[in-house]
Each structure stands twice: as structure tokens, then as C-alpha cells.
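In: Need a 3D model of the sequence below.
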Amino acid sequence: MKLFYRKLGNGGKPIIILHGLYGSSDNWLSIGKSLSEYLEVYLVDLRNHGRSPHHDSHNYELIRDDLSALMDDLGLEKALLAGHSMGGKAVMCFAQHNPDRLERLIIVDIAPKSYKDLYRKESLSHYDILKSMQDVDFSSVSSRRDVENKLADSISSSRIRSFLMKNLGRDEGGRYYWTLNLDVIIRELDNIMDGVNRNCFDPAFPVTGIPVLFIRGEKSPYILDEDMDFIEKIFPSAKLVTIENAGHWLHAEQPGAFTEAVREFVLQ
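Out: Now for the predicted structure:
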């Protein structure tokens with residue numbers, strides 16, 4: 001699969017950044033511009049997201065292979081890899097199978113564990129969000145405001161609605177549509193939230209010889225202190241940085257602190 005990507009900067013080592021669920025390369029443009037001062041930045045749309053193709057399957061092994069194919073197409077033997085949430089699990093999976101293609105690894109607010117229980121306990125679960133998007137009848141809307149108003153019927157948070165609206169596209173005939181492949185994502189949601197399997201996260205085969213940085217938000221429940229034992233079994237050299245006053249979308253909430261953490265890790 002040929003993934004859509006944006007390239008920023010022309011100097012320094014290459015870094016490929018993968019977004020999380022509902023995300024796209026658009027969400028990382030400001031971070032990418034900051035990093036492009038000393039890195040060659042590639043911002044990627046994962047399969048079934050953004051401008052990349054839709055496909056009937058969505059799992060971490062396939063994303064791993066998509067990433068490998070992208071590096072081949074770009075002529076990159078090695079690169080720094082960074083991934084947020086779902087993208088973080090994808091690059092962890094890539095690391096266990098392709099450690100020789102990694103310079104360094106940056107994992108943003110996700111651990112190699114199952115999150116099924118967490119997303120089911122949340123007051124607004126991922127399934128609820130996806131179902132709300134799926135329930136929008138595009139034949140009855142004529143503006144972006146109409147679409148957001150439809151989402152507001154079930155999603156009270158304006159921040160979440162604004163984030164989801166970044167997935168709204170418009171075809172040549174003026175009809176709105178979701179760039180996210182909702183049917184497939186809903187079907188594969190349990191696997192996306194789980195993502196822990198022997199093919200990708202087997203502590204019997206740790207990833208060694210590669211500097212690894214985990215970055216978490218202070219207010220986020222995704223990486224807990226007790227998760228570090230399991231993380232270090234897979235990534236023995238892993239270091240953890242906590243961004244203060246930030247939740248799961250720490251790169252958007254505290255971009256300055258986030259880019260500084262990346263800079264210190266990359267340039268050390």
C-alpha cells in the first residue's frame with residue numbers, strides 16, 4: 001500500500017512520525033515544522049486514515065509492512081521512528097521485526113499492553129465516537145457546521161468534535177464524507193485497542209541496541225508507573241519522560257515541552 005506522506009526539511013537524519021486513531025499527518029504539522037530545523041521529517045497518513053488508501057483490513061502487522069514499504073520507496077535504510085497511541089504500537093511492532101532499520105524509537109503515550117478495559121470504561125468510548133461519526137447522514141447536511149451539530153447530539157466535548165472534524169472531506173460534487181474508514185475501524189477496534197500479541201510484543205525477544213524514549217502526559221492514564229516493568233522487558237534501554245499538565249494528546253497540549261523532549265533525545 002502506498003501511504004500518503006508530507007516531507008518537511010531537507011537536512012539531518014530522517015524521522016517518520018505516525019499519528020494515532022482518528023489522526024492524520026495534518027495533526028503533526030506544527031510539531032513537524034519545529035523538528036524540521038534539525039531533522040528530515042516525514043509525516044504519514046496510516047492506512048484507512050487521511051489521504052492514504054482505504055483497505056478492508058487494519059492491524060499492526062499490516063501497518064508495520066506499510067511502513068517498511070514506505071521506507072523502501074523513500075530509499076531510507078534506517079530512520080528514527082515516532083508514533084503516538086495507535087501509531088506508537090505500530091512502530092513498536094516494527095521495531096521487533098526490523099531493529100536494523102531503526103536509529104532511535106520514540107513512543108508517545110502508549111504502552112505495549114491491552115487498552116480494552118480502559119476504552120470500555122471511558123464515559124465516551126471509542127466505539128461511541130465512531131458510531132456517532134457513522135450516524136451522520138451526509139445527504140442531510142450542507143455545511144461543516146451542520147456536520148458538527150450532528151456530532152454534538154452525542155459528543156458534548158467541543159475539543160473532541162473539533163479533532164474529529166479534521167477527518168471531514170469533500171468530494172468533487174461538494175458532498176461531505178469521512179476520510180476515516182469507519183466500517184473497518186469499528187470492526188477492528190478490539191484489535192486496535194488490544195494490539196498485544198506474540199508477533200509484535202514478545203518479551204522473549206527484546207529489542208536491544210536501540211535508544212528508546214517513552215513520552216507520557218502527566219494527566220494521561222495510558223502509561224502508568226507500573227507499566228515500566230513490562231516495557232523494559234521488551235525495550236531494556238527504554239527511558240521515560242513525563243510532560244506536565246498534559247493528557248493523551250500531549251503534543252497538541254504542550255508542544256514546546258514535547259519538542260524539547262524529542263530534541264534532547266535525538267541530539268544527545
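
In: so what's L224 scoring on pLDDT?
Out: In this model, L224 is scored at 96, pLDDT.

In: nearest spatial neighbour of it, skipping sequence neighbours?
Out: A111 (7.9 Å; CB to CB, 6 or more residues apart in numbering). Backbone N, C-alpha and C define where each C-beta goes, glycine included.

In: how many other residues sit next to the one you found?
Out: A111 has 23 neighbours, counted by other CB atoms under 10 Å.

In: repeat for V212
Out: Neighbouring residues of V212 were enumerated by other CB under 10 Å; the total is 23.

In: Roughly how far does it sit from W249?
Out: Noted for V212: a distance of 21 Å to W249, by CB to CB, to the nearest Å.

In: and what of L35?
Out: Using CB to CB, one gets 17 Å for the distance from L35 to W249.

In: Likewise for R145?
Out: Between R145 and W249 the distance is 23 Å, computed by CB to CB.

In: cool, and T179?
Out: Shown here: T179 relative to W249, a distance of 19 Å by CB to CB.

In: Repeat that for I16.
Out: I16 sits 20 Å away from W249, going by CB to CB.

In: Show me the strands in the stretch 151-268 of the chain, by range?
Out: Under the criterion DSSP state E, counting those that start in this stretch, the stretch 151-268 of the chain carries strands at the ranges 168-170, 176-178, 212-217, 238-243.

In: give me every residue that touches the residue nearest to P211 when sequence neighbours are not counted.
Out: Closest residue to P211 in three dimensions, ignoring its sequence neighbours and counting by CB to CB, 6+ apart: R104, at 4.7 Å. For R104, the contacting residues are 80-81, 210-213, 265-266, taking CB atoms under 8 Å, 6 or more residues apart in numbering as the criterion.

In: How about Y22?
Out: Taking CB under 8 Å, 6+ apart as the definition of contact, the neighbours of Y22 are 49, 129, 163-164, 166-167, 180.

In: I107: what secondary structure?
Out: Secondary structure assignment for I107 (DSSP: H, G, I helix; E, B strand; the rest coil): strand.

In: Who does it form a beta bridge with?
Out: Judged by DSSP bridges, the bridge partners of I107 are G83, F214.

In: so it sits right up against F214, yeah?
Out: Yes. With contact defined as CB atoms under 8 Å, I107 reaches F214; the gap is 4.8 Å.

In: Look at the two and report which has more neighbours.
Out: Taking I107 and F214 together and counting by other CB under 10 Å, I107 has the greater number of neighbours (28 against 23).

In: pLDDT score for the more buried one?
Out: If you check I107, the pLDDT there is 98.

In: distance of it from V212?
Out: The spacing between I107 and V212, counted by CB to CB, is 7 Å.

In: And for E264?
Out: With CB to CB as the criterion, E264 and V212 are 14 Å apart.

In: And G12, how far from K113?
Out: When CB to CB is the yardstick, G12 and K113 sit 33 Å from each other.

In: What is the burial count for F201?
Out: A count of neighbours around F201, defined by other CB under 10 Å, yields 22.

In: What does it show for phi and psi?
Out: The main-chain torsion angles of F201 are listed as degrees, to the nearest 10 and equal phi -130, psi 70.

In: Pull the contacting residues for it.
Out: In this structure, F201 makes contact with 92-93, 96, 112, 195, 234, judged by CB under 8 Å, 6+ apart.
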